[in-house]
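**Student:** Sequence and predicted model, in that order:
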Amino acid sequence: MPLSFYSPALDLMVAIVRSYEIDPVPLLQDLAIDPRKIADINARFRLSQVLGMFQRMEEIIPESSFGLKATEYWHPSHMGPLGYAWMTSDNLRAAFNRLQRFSKIVSEGVMLTLVEDNDSIALEFHFLTDTALTSRSDVAMAMLLAMVRCTGGPKLHPVSVAFSHPPPKDAAPYYTRFQCPLEFSASSTFFQLSKDEADKPRSSSHAQLSLLHDQLMREYLGNLDKDNIVERVKAAIVSELPSGHISDAVIARELFMTERTLQRRLQREGTTFKRLLTEIRQELAEQYMQDSRLTLQEISFLLGFAELSSFSRAFKRWKGMSPKYFRSSAMN
């Protein structure tokens, strides 16, 4: 199947085109893009169409740094549930993690890698096709700047930003926009934050909404790629956990396959049902623990444990401390 792109995300590019008083409709029609579908949250365009639009924009927009305008026009709705999951994340580290894990929701044409050192954390962008498009990486970095500032405030600045494309004739708009050290002709395109900023709690965080968005994203990815058995199993596990009757047999029935088929397909992906169950429980446990409205007994129930003592033993294996101690440490 051809690589695809989330339709509402194209609205960002349309807004940039309109900002130069250019009618986007003829441009869209030339690329066989139906303008009416841009607002359809269930629609996707072929990635080749979207890359064609980047190419045409580079040809008709007089300003070479037009992609930086993405900072002005980005909205969470351009990314569907991923945009709102970003907004409700506990901190920017959690937001970076979500973007890295679920970026395929927006575009199947880029892979993201999370890179850490002693003082910073960075998102590296690896574009899979048409890597020579300057505007593509400009839009990505400018959009990420808008996302970071939407969560961390307008005065937040990255530690550094790198672009894989050559330096522009006029780099001033880039320095004005990012207000940090920049690198051009870099080995990859990346956006770097200090760990202090990445780990700082954010007032927009909302644990329960984040969990809901995560579940929506798992289901979306499972539907996007029917062969993505890992995401389909993870989504099914999250749905079934509170029932207390979680097993590979239950999940296999949920996915309309035999238990043996499920085991075989997971084995081909280098994982097992038990490993995915543990990963999901750990991930959810840490998020639930930050919601002071949930008691440990309620968290145990939501994670599908029959007894609080079973949850406590599992949590101690995962984190090296009891859930009670973990929660008290996090609150102080």
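**Tutor:** Yes, it's here. Numbering: from 1, shown residues only.
**Student:** how about the nearest residue to Lys274, chain neighbours excluded?
**Tutor:** Asp248 (7.9 Å; CB to CB, 6 or more residues apart in numbering). All C-beta spots, glycine's among them, are computed from the backbone N, C-alpha and C.
**Student:** Would you mind giving me the confidence score for that neighbour?
**Tutor:** pLDDT recorded at Asp248 is 91.
**Student:** Run a quick neighbour tally on it.
**Tutor:** 19 (other CB atoms under 10 Å).
**Student:** Could I get the phi/psi values of it?
**Tutor:** phi -70, psi -30 (degrees, to the nearest 10).
**Student:** Next, the contact list for it, please.
**Tutor:** Each residue near Asp248 by CB atoms under 8 Å, 6 or more residues apart in numbering is listed here: 259, 262-263, 273-274.
**Student:** Only the buried subset of those residues, as a PyMOL command please.
**Tutor:** This is the PyMOL syntax for the buried subset of the contacts of Asp248, where burial follows 16 or more other CB atoms under 10 Å:
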select buried, resi 262+273
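**Student:** Of the contacts of Asp248, which pair is most distant in space?
**Tutor:** Glu259 and Lys274 (13.0 Å; CB to CB).
**Student:** on that earlier part again, would a markdown table of the contacts of Asp248 with distance to Phe184 be doable?
**Tutor:** Formatted as a markdown table, those follow (distance: CB to CB, whole Å):
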| residue | distance to Phe184 |
| --- | --- |
| Glu259 | 53 |
| Leu262 | 48 |
| Gln263 | 49 |
| Phe273 | 46 |
| Lys274 | 47 |
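**Student:** tell me which of the contacts of Asp248 is nearest to Val14?
**Tutor:** When the contacts of Asp248 are compared against Val14 (criterion: CB to CB), the nearest one is Leu262, at 42.4 Å.
**Student:** so where's the stretch 1-150 of the chain shaky on pLDDT?
**Tutor:** Scanning the stretch 1-150 of the chain for pLDDT under 70 picks out 1, 130-132.
**Student:** go again using 90 as the cut-off
**Tutor:** 1-3, 42, 90, 101, 128-133 (pLDDT under 90).
**Student:** Can you show me the helices along it?
**Tutor:** 10-19, 24-30, 47-60, 70-73, 81-88, 92-102, 134-152 (DSSP state H, counting those that start in this stretch).
**Student:** and which of the contacts of Asp248 is nearest Glu116?
**Tutor:** Comparing the contacts of Asp248 against Glu116 with CB to CB places Lys274 closest, at 28.1 Å.
**Student:** Please report how far that closest one lies from Leu28.
**Tutor:** Using CB to CB, to the nearest Å, Lys274 is found at 48 Å from Leu28.
**Student:** again with Pro2
**Tutor:** Distance of Pro2 to Leu28, given as CB to CB: 18 Å.
**Student:** And for Pro181?
**Tutor:** Taken as CB to CB, the span from Pro181 to Leu28 is 37 Å.
**Student:** Comparing those two, which residue is more hemmed in?
**Tutor:** Under the criterion of other CB under 10 Å, the comparison of Pro181 against Leu28 puts Leu28 first, with 22 against 12.
**Student:** burial of Ile299, as a residue count?
**Tutor:** Ile299: 21 surrounding residues under other CB under 10 Å.
**Student:** Could you do Ile229 as well?
**Tutor:** 21.
**Student:** same thing with Phe66?
**Tutor:** Neighbour tally, Phe66, other CB under 10 Å: 23.
**Student:** May I have the residues that are in contact with the nearest residue to it once chain neighbours are set aside?
**Tutor:** Distances taken as CB to CB, 6+ apart place Ile16 nearest to Phe66, at 6.0 Å, with adjacent residues excluded. Shown in contact with Ile16 (CB under 8 Å, 6+ apart): 57, 61, 66-67, 69-70, 73, 139.
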